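**Student:** quick one: sequence plus predicted model below, questions after.
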Amino acid sequence: MNEPEAAGARDSGAGVSPRKSNDRSALTAAYREGLGLAAVAVICGPAGIRITAVGSAANDALAAAERVQARWWCRHTAQAECVAAAANARLRRRESRNSTTSASTAAILPPDDASPAWIIACESITRAAKQCQVVLQSDQELSDEVMGVIVRIDGEIEKLQRSGALKSVNKAYQTYRIETSGRGERVLRYQEWMGRYREDLVRRLASTLRYL
């Protein structure tokens, strides 16, 4: 298990277009939904820092002016709740918020966010996960994992295109256009619709892995 990056961090590699980055984010979100993942998050807000378990959308536990500062993902909500409870218990047992922290944890934090409380919260989660015997994944680890799924799906779509078997998908798009226009709703362009189609494939594939 790697240390987390700030939640929502983008890939730092040069040449990644905003469209590709957005596509990857959408496909990763679909993968999380299909697997039914839950997160343990460090949330920052006007009242300070807190640790809680959140769903795959990662915003269902946010109050006004709060933001998810960092998060790790696990397979089940019960696991996330166990880790969050254990991490909060560790925080309550800390006698001082200024305890010495590990260099590896401090190194992952942006300079303006490297407060002792922030670092302690992150360390509390990683130690609580070991205590609960729960494997956690960072956003980057999950994104790397879903890339393998995307490559598989895109490979299958390419095979269908070469064999002419993609006609059924194109027919589904035409049916969608007719039905959507008939309802007076905005019709997605083929590229947008195909993006949704890929997301659904990723979501369905992930759901088959949910209980493995």
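**Tutor:** Alright, I've got the coordinates. Numbering: from 1, shown residues only.
**Student:** so residue 128 sits against residue 80, correct?
**Tutor:** No. Applying CB atoms under 8 Å, one finds residue 128 not in contact with residue 80, separated by 10.7 Å. Glycine gets a C-beta too; all of them are placed from N, C-alpha and C.
**Student:** these two - which one has more neighbours?
**Tutor:** With neighbours defined as other CB atoms under 10 Å, residue 128 and residue 80 compare such that residue 80 has more, 27 against 23.
**Student:** ok, the more buried one - contacts?
**Tutor:** 38, 39, 40, 53, 54, 74 (CB atoms under 8 Å, 6 or more residues apart in numbering).
**Student:** by mean pLDDT, flag the weakest helix or strand of this structure.
**Tutor:** Using mean pLDDT, DSSP states H and E, helix 103-106 stands out as the lowest-scoring helix or strand of the chain, at a mean of 39.
**Student:** what packs against the lengthiest helix in the chain?
**Tutor:** For the chain, the longest helix by residue count, based on DSSP state H, is helix 139-163. Here helix 139-163 touches helix 18-35, strand 67-74, helix 190-208, going by 3 or more CB pairs under 8 Å, 6 or more residues apart in numbering; DSSP states H and E.
**Student:** one more pass at 10 Å, please.
**Tutor:** helix 18-35, strand 67-74, helix 167-182, helix 190-208 (3 or more CB pairs under 10 Å, 6 or more residues apart in numbering; DSSP states H and E).
**Student:** and the second one, what's buried?
**Tutor:** Think strand 67-74. 68, 69, 70, 71, 72, 73, 74 (16 or more other CB atoms under 10 Å).
**Student:** OK, contacts around the last one?
**Tutor:** Contacts for residue 74 (CB atoms under 10 Å, 6 or more residues apart in numbering) come out as 37-40, 53, 80-83, 129, 132, 134-137.
**Student:** buried among the residues you listed? Need that as a selection in PyMOL.
**Tutor:** Burial among those is assessed by 16+ other CB under 10 Å; the matching PyMOL selection reads:
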select buried, resi 37+38+39+40+53+80+81+82+83+129+132+134+136+137
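**Student:** determine which two of the contacts of residue 80 are furthest apart.
**Tutor:** 54 and 74 (11.3 Å; CB to CB).
**Student:** which neighbours do these two have in common?
**Tutor:** Joint contacts of residue 54 and residue 74 (CB under 10 Å, 6+ apart) are 38, 39, 40, 80.
**Student:** of those, which belong to strands?
**Tutor:** Using DSSP state E, the members of the shared contacts of residue 54 and residue 74 that fall in strands are 38, 39, 40.
**Student:** now do the last one against residue 128, distance only.
**Tutor:** Shown here: residue 40 relative to residue 128, a distance of 8 Å by CB to CB, to the nearest Å.
**Student:** any chance of the ones in strands among the shared contacts of residue 54 and residue 74 in CSV with pLDDT and distance to residue 190 as columns?
**Tutor:** Shown next, in CSV, are these (pLDDT from 0 to 100; distance: CB to CB, whole Å):
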residue, pLDDT, distance to residue 190
38, 92, 35
39, 93, 34
40, 94, 39
